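K.L.:
coordinates for the following, if possible.
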Amino acid sequence: MSDIYSIWLQPDQDSNEYHRLSELIDHYSQRYDDAPIFAPHTTLLGGLSDDQDTITETTRTLAQEHEPFEVSFPRVHCSTTRYQCVFLLVEPVLELLSLYEDAVGAFEAGSEMYVPHLSLIYSDMSLQERLELVEDIKSESMPGTALLDTLVVVETTGDAKEWETIAEYEL
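P.N.:
Alright, predicted model coming up:
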């Protein structure tokens with residue numbers, strides 16, 4: 001089996017927003033047995049299976065060609081999948097969509113519908129639990145915006161607990 005990689009956009013790690021999001025992710029990972037801890041991020045592309053050197057060099061080039069940008073989180077949402085259990089929707093600003101299009105071209109990836117989001121929990125919890133969690137999170141103080149300033153290459157083979165950061169590049 002070959003390794004699978006994802007390209008993540010991460011908020012400024014020194015920011016209050018990053019720390020608040022990390023605290024929420026940690027909190028929910030402790031609350032649910034099947035929920036791992038992971039870094040706050042918005043996935044730019046996933047499911048990449050090129051060799052690691054090609055992926056890291058292509059990601060480095062993308063990072064050099066783009067500037068940091070701010071995104072807003074208009075609402076908390078949930079879905080029926082494990083990796084989009086409960087998340088913040090990310091407003092699809094021009095800079096984000098441009099970076100996505102450039103990444104699709106650079107990696108010769110299939111362009112599918114891109115729904116940018118920032119997950120708060122990965123879990124197989126019931127739909128009812130997800131909906132209740134969305135309501136709980138709405139009442140907490142959530143960051144309204146975040147500066148996305150880093151592209152991260154993550155080996156996402158296997159379970160989320162096994163994922164490993166391979167490289168980070170500042171935009």
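K.L.:
can we go C-alpha only for contacts and neighbour counts from here?
P.N.:
OK.
K.L.:
and the helices in the protein, which stretches?
P.N.:
Remark: helices assigned in the chain by DSSP state H are 16-31, 52-65, 94-106, 127-139.
K.L.:
grab the most central residue of this protein for me.
P.N.:
Central residue of the chain (Cα atoms, centre = their mean): T42, 2.5 Å from the mean position.
K.L.:
that older thread, redo the helices of the chain as TSV? Include mean pLDDT.
P.N.:
As requested, the helices of the chain are exported to TSV (pLDDT from 0 to 100):
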stretch	mean pLDDT
helix 16-31	93
helix 52-65	98
helix 94-106	97
helix 127-139	88
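K.L.:
R75: which of the ones you listed is closest?
P.N.:
Across the helices of the chain, R75 has its closest neighbour in helix 127-139 (7.9 Å, Cα to Cα).
K.L.:
may I have the closest one exported as CSV, CA atoms only?
P.N.:
The C-alpha trace of helix 127-139 is given here as CSV (Å, rounded to 0.1, in the frame of the first residue of the first chain):
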residue,chain,number,x,y,z
LEU,A,127,-26.3,12.2,13.8
GLN,A,128,-28.3,13.3,16.9
GLU,A,129,-25.1,13.8,18.9
ARG,A,130,-23.6,15.8,16.0
LEU,A,131,-26.6,18.1,15.9
GLU,A,132,-26.5,18.6,19.6
LEU,A,133,-22.8,19.3,19.5
VAL,A,134,-23.4,21.9,16.7
GLU,A,135,-25.8,23.7,19.1
ASP,A,136,-23.4,23.5,22.0
ILE,A,137,-20.5,24.9,20.0
LYS,A,138,-22.6,27.8,18.7
SER,A,139,-23.0,29.0,22.3
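K.L.:
so what touches it?
P.N.:
R75, V76, H77, C78, S79, T80, C85, V86 (Cα atoms under 8 Å, 6 or more residues apart in numbering).
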